[in-house]
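Engineer: Any chance you could fold what I've pasted below:
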Amino acid sequence: MLTAENNECHVYLYDGSFEGLLTAVFEAWGDKNFKDICAHANLRPGFLDSNIYVETDDAKAERVSRWIRTKVSESVGNSIYEYFAAEAPNCEKIIYFYLRACNRYGPTVDDHLTDPAVLNFANAQKPIGRERNKMLGFVRFRELDNKVLFSEIATEYNHLMYLGSFFFDRMTAIPWMI
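Structural biologist: So this is what the prediction gives:
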């Protein structure tokens, strides 16, 4: 929000890690001139933007993480991490406003779909979940000459962590790679 005495918008830049994002959320929480949070690599400078570089602080990140787990819920924390790990575009701003909604509604945050921040977060997760389920059902392996099962996939979002753990639990005795 622009004010008459200060017409700049603050964009919080972090290192791209989840802890960096939580630190940036911590720093941006009370900022009336907040505009966005983004990783250094994804910066698109704006005309009136004032960039604020946030150094990752594990203590601040842990405070935000602990707040999510204790005041909201463990499942909301997991949803936020899964959404961030999928590397969806503009996920930081959606997460920031969703966390603001978490502050208002607490553990029942996902019941408040009339709130634009909650609805944006729910809608942003849908294509990621659909693609992950599709990958779990349709990934096929072929055997290489050295008896290793190999699957080459192309996804819009980053699901490797979840696909890896899914197949690791099911194919422990067979060497494989995705």
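Engineer: any idea where the helices of the chain begin and end?
Structural biologist: For the chain, helices defined by DSSP state H occupy the ranges 18-28, 58-67, 74-85, 91-105, 116-138, 160-170.
Engineer: Now do the buried residues in the last one.
Structural biologist: Residues of helix 160-170 classed as buried under the neighbour-count rule (16 or more other Cβ atoms under 10 Å) are 163, 167. Where C-beta positions appear, they are placed from N, C-alpha and C, glycine not excepted.
Engineer: Please put the alpha-carbon coordinates of the lowest-mean-pLDDT helix or strand in the chain into PDB.
Structural biologist: One helix or strand of the chain scores below all others by mean pLDDT, DSSP states H and E: helix 160-170, with a mean of 83. Extracted as PDB, the C-alpha positions of helix 160-170 are listed here (Å, rounded to 0.1, in the frame of the first residue of the first chain):
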ATOM      1  CA  LEU A 160      11.300 -35.600  -7.300                       C
ATOM      2  CA  MET A 161      11.400 -35.700  -3.500                       C
ATOM      3  CA  TYR A 162       7.900 -37.200  -3.300                       C
ATOM      4  CA  LEU A 163       8.300 -39.600  -6.200                       C
ATOM      5  CA  GLY A 164      11.700 -40.700  -4.800                       C
ATOM      6  CA  SER A 165      10.200 -41.600  -1.400                       C
ATOM      7  CA  PHE A 166       7.200 -43.300  -3.000                       C
ATOM      8  CA  PHE A 167       9.300 -45.600  -5.100                       C
ATOM      9  CA  PHE A 168      12.000 -46.100  -2.500                       C
ATOM     10  CA  ASP A 169       9.300 -47.600  -0.200                       C
ATOM     11  CA  ARG A 170       8.100 -49.900  -2.900                       C
END
